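sequence isn't available, so here's the structure alone:
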């Protein structure tokens, strides 16, 4: 079992551009959550997808959007990038009946 | 969202037990207590969770106070690999949004 995988590992974008990050959940998991982690801080919840719909959302602007596919994989899209969007973006998967979340290694996004 | 309070940092000697405290005085009756840890340059890793009774697994033990207003994560024998930020989190199910605080940064001294 490969666990949760994320791509790409690192990404550099320019202010104003758009970015798409990808996540494949752990085998058997149907729920995907996305988090943003700024340097030196704990992860901040962005949103969660289940059955291809956004089920919960944190305090993030509409520039952050996502999608879940029928195979449970997910994408995080960020439009109109700001310097403050530079962070580690983490994906976590879980089973709808499970209590623990399994995190991927993250995508390091740098906005210049 | 119910909040947790943890010390910012702790130190332990290698091969000694470590007790990481967490206060959660506003916990509700249906909140589980979860612990995650994050090693440097990695995503968070699930450690353990419990509701009312003490719990043990291969990684750690979780001791929950009788009134559930506090809990302690116990690493029985700290190794250098246990140096990480430890997060104590409350949640009802896996689909609860997981609210991370700043956590406790654990240093292990050889």
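Happy to help now that I have it. Please read these numbers as outputs of a predicted model, since none were measured by experiment.

C-alpha only now, for contacts and for neighbours.
Will do.

can you tell me the element the residue most central in space within chain A falls in?
Among the residues of chain A, residue A:34 comes closest to the average C-alpha position under CA atoms, centre = their mean, at 3.3 Å. According to DSSP states H and E, residue A:34 maps onto strand A:31-37.

how about the residue nearest to the centre of chain A: what's its closest non-neighbour residue?
Spatial nearest neighbour of residue A:34, excluding adjacent residues (CA to CA, 6 or more residues apart in numbering or on different chains): residue A:91 at 4.6 Å.

what about residue B:27, how many neighbours?
20 (other CA atoms under 10 Å in any protein chain shown).

shouldn't it be in contact with residue B:69?
Yes: using CA atoms under 8 Å, residue B:27 is in contact with residue B:69, at 6.5 Å.

mind listing what residue 36 touches?
As the question left the chain open, I've gone with chain A. With contact taken as CA atoms under 8 Å, 6 or more residues apart in numbering or on different chains, residue A:36 is in contact with A:43-46, A:87-90.

my question was about chain B
Counting by CA under 8 Å, 6+ apart, residue B:36 has contacts B:44-48, B:86-89.

among those residues, name the ones in strands.
Mapping the contacts of residue B:36 onto strands (DSSP state E) picks out B:45-48, B:86-89.

stretch A:105-112: which residues count as buried?
A:105-111 (16 or more other CA atoms under 10 Å in any protein chain shown).

sorry, back to before: which of the ones in strands among the contacts of residue B:36 come close to chain A?
B:45-46 (CA under 8 Å from any CA of the partner chain).

any chance of the ones in strands among the contacts of residue B:36 in TSV, plus pLDDT and neighbour count?
Formatted as TSV, the ones in strands among the contacts of residue B:36 follow (pLDDT from 0 to 100; neighbours: other CA atoms under 10 Å in any protein chain shown):
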residue	pLDDT	neighbour count
B:45	94	20
B:46	92	19
B:47	95	21
B:48	94	22
B:86	98	27
B:87	96	27
B:88	95	30
B:89	91	23
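
before we move on, the earlier item: chain center to the helix or strand that the residue nearest to residue A:34 is a member of: distance?
With elements taken from DSSP H and E, the one containing residue A:91 is strand A:87-94. Remark: strand A:87-94 is offset 5 Å from the chain centroid, using CA atoms, centre = their mean, to the nearest Å.

direction included, what does it pair up with?
strand A:31-37 (antiparallel), strand A:102-103 (antiparallel), strand A:107-111 (antiparallel) (DSSP bridges).

now distance to residue B:34 and mean pLDDT too, for those strands, in CSV please.
Below are the strands paired with strand A:87-94 laid out as CSV (distance: least, CA to CA, whole Å; pLDDT from 0 to 100):
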stretch, distance to residue B:34, mean pLDDT
strand A:31-37, 16, 95
strand A:102-103, 13, 93
strand A:107-111, 24, 97
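
would you list those strands in a markdown table and tack on distance to residue A:10?
Listed next are these as a markdown table, based on distance: least, CA to CA, whole Å:
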| stretch | distance to residue A:10 |
| --- | --- |
| strand A:31-37 | 14 |
| strand A:102-103 | 17 |
| strand A:107-111 | 5 |
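
quick one, what contacts the spatially most central residue of chain B?
Central residue check for chain B by CA atoms, centre = their mean: the C-alpha nearest the mean position is that of residue B:35, 3.7 Å away. Going by CA under 8 Å, 6+ apart, residue B:35 touches B:46-49, B:73, B:86-89.
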